[in-house]
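Asks: Next one to model:
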Amino acid sequence: MKKLFVLVLCLAALSGLVFAEGQGEYPERDITNILVWGAGGGTDTCNRVVMAEMAKELGVNINVVNKPGGVAGSVGMSDAFSKEDDGYTICGLSESCVTSAVMGGFPERMNVWDFFIIGGSPDIVSVTPDAPYNTIEELISAAKANPGSIRAGASGAGSIHHLNLLALMNGTGAKFNYIPYDGSAPAQNAAMTGEISVVVTSAAEQAQLIRGGKLKPLGMLVPDDFTLAGKTIPTAFTAFPSLSEYLPISQAIGFAIKKTADESIKIKLRNAFTVAMNSDAVINFGKENFYILSGAYGEKANKVFDNLESNFGWTLKELGAAKVDPASLGIEKL
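Replies: Prediction:
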């Protein structure tokens, strides 16, 4: 009887040990990606493609939930940051979010996150097909002749597309009537409905509209020409060399997890991310949609965002658009 009792205790202890080990296995349930921009934009599309591949590796669903609004993604970032650091909530974001603090939105520095960078695409200045401008020079000339009369749309204040528009104005002396939207897709939709006549978003985001003749590209906001749909889009730097004082500003689309999350969770996500970024689905998506893929994570990705936070924050201050002095937030000018 005594032997039987001891055997039962041993089995109970063994089953408890197995349960304890299994209990710590991550992930045990679906993961939520709170995405700070609207559906259909570049950040949304990239995250959905990569999350689908990561889900296969992790063995659970990764549900992407759009939560746009606020300043530079502050509503979605604040919501994601309010969740537990257990790895079941990640935050889909982009480089534009680094301005949220200096714009008075997200109350934290970006160094509270660990980043995973999918990639990015260069910005284009385009107009609606019926707009009376066929070159970037004609558009800038018209904007200078009647300052503030031309409505130009881009994602929210402090976003990369807003910064590119600000840089275009400062580098050329033109003044547009900036209309902010909750992401690139809403800005482009506004161009389709005639709310605005100029839109600044990425090549990846505009590609289908340009192919379909629904947008007329006038200039790239990077130093080199760009080929899209068999046509060469000239760099705006040729007509306006002073743009080089403000541009280029590169995209960094991806997602983040709270820095305080356990290292074992981050390792699982890094492994799944690496597998996803090397999958045919993601590689082909990048090629077909004009994205330059990255795949950076850890210190390398965090350093990219440190530099972006400094660059964007101090650029906004110099352009007179920052609401909070980056120095007061401890953001060094790198």
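Asks: contacts and neighbour counts: CA atoms only from here.
Replies: OK.
Asks: Stretch 189-204: how far from the chain's middle?
Replies: 18 Å (C-alpha atoms, centre = their mean, to the nearest Å).
Asks: That one spans what distance, first to last residue?
Replies: This stretch, stretch 189-204, spans 15 Å end to end (C-alpha to C-alpha, to the nearest Å).
Asks: So for that stretch, mean pLDDT?
Replies: In this model, stretch 189-204 carries a mean pLDDT of 95.
Asks: Sort out which residues of that stretch are buried, please.
Replies: Of the residues in stretch 189-204, 190-192, 196-204 count as buried by neighbour count, 16 or more other C-alpha atoms under 10 Å.
Asks: Likewise for stretch 243-255?
Replies: 243-244, 246-255.
Asks: related to what we said a few turns ago, which of the buried residues of stretch 189-204 fall within helices?
Replies: 190-192, 203-204 (DSSP state H).
Asks: So which of the residues you listed is the closest to P223?
Replies: Set against P223, the nearest of these by C-alpha to C-alpha is A203 (14.2 Å).
Asks: quick one: which of the buried residues of stretch 243-255 is nearest S310?
Replies: Distances from S310 to the buried residues of stretch 243-255, taken by C-alpha to C-alpha, are shortest for I249, at 12.1 Å.
Asks: Where is the longest strand in the protein?
Replies: In the chain, taking DSSP state E as the definition, the longest strand is strand 113-120.
Asks: quick one: it to chain centroid distance?
Replies: That offset, for strand 113-120, works out to 8 Å (C-alpha atoms, centre = their mean).
Asks: Which parts of this protein are strands?
Replies: Using DSSP E, strands in the chain cover 31-35, 62-66, 89-93, 113-120, 123-127, 151-155, 177-181, 198-202, 216-220, 226-228, 231-233, 253-258, 292-297.
Asks: and those as JSON lines, adding distance to L319?
Replies: Output for the strands of the chain, formatted as JSON lines (distance: least, C-alpha to C-alpha, whole Å):
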{"stretch": "strand 31-35", "distance to L319": "28"}
{"stretch": "strand 62-66", "distance to L319": "30"}
{"stretch": "strand 89-93", "distance to L319": "24"}
{"stretch": "strand 113-120", "distance to L319": "24"}
{"stretch": "strand 123-127", "distance to L319": "19"}
{"stretch": "strand 151-155", "distance to L319": "17"}
{"stretch": "strand 177-181", "distance to L319": "14"}
{"stretch": "strand 198-202", "distance to L319": "18"}
{"stretch": "strand 216-220", "distance to L319": "21"}
{"stretch": "strand 226-228", "distance to L319": "27"}
{"stretch": "strand 231-233", "distance to L319": "27"}
{"stretch": "strand 253-258", "distance to L319": "24"}
{"stretch": "strand 292-297", "distance to L319": "28"}
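Asks: which one of those has the lowest average pLDDT?
Replies: strand 226-228 - the lowest mean pLDDT of those, at a mean of 90.
Asks: Provide the strand pairings for that one, with the direction of each partner.
Replies: strand 231-233 (antiparallel) (DSSP bridges).
Asks: And the partner strand, what's buried?
Replies: I233.
Asks: shouldn't T232 be in contact with D224?
Replies: No. Shown here, T232 and D224 do not form a contact pair, counting by C-alpha atoms under 8 Å, at 10.3 Å.
Asks: ok, back up a step: nearest to R270, of the strands of the chain?
Replies: Among the strands of the chain, if distance is taken as C-alpha to C-alpha, the winner is strand 292-297, at 7.1 Å.
Asks: Low-confidence stretches in the chain?
Replies: Applying pLDDT under 70 to the chain flags residues 1-24.
Asks: Can you give me the domain boundaries for it?
Replies: 31-120+251-329, 123-245 (the TED database).
Asks: Could I get the ones you listed in CSV, plus columns for distance to E25?
Replies: Below are those laid out as CSV (distance: least, C-alpha to C-alpha, whole Å):
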stretch, distance to E25
domain 31-120+251-329, 9
domain 123-245, 36
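Asks: Next one: the most centrally placed residue in the chain relative to G173, how far apart?
Replies: Residue closest to the average C-alpha location in the chain (C-alpha atoms, centre = their mean): S94, at 2.0 Å. Per C-alpha to C-alpha, S94 is found 28 Å from G173.
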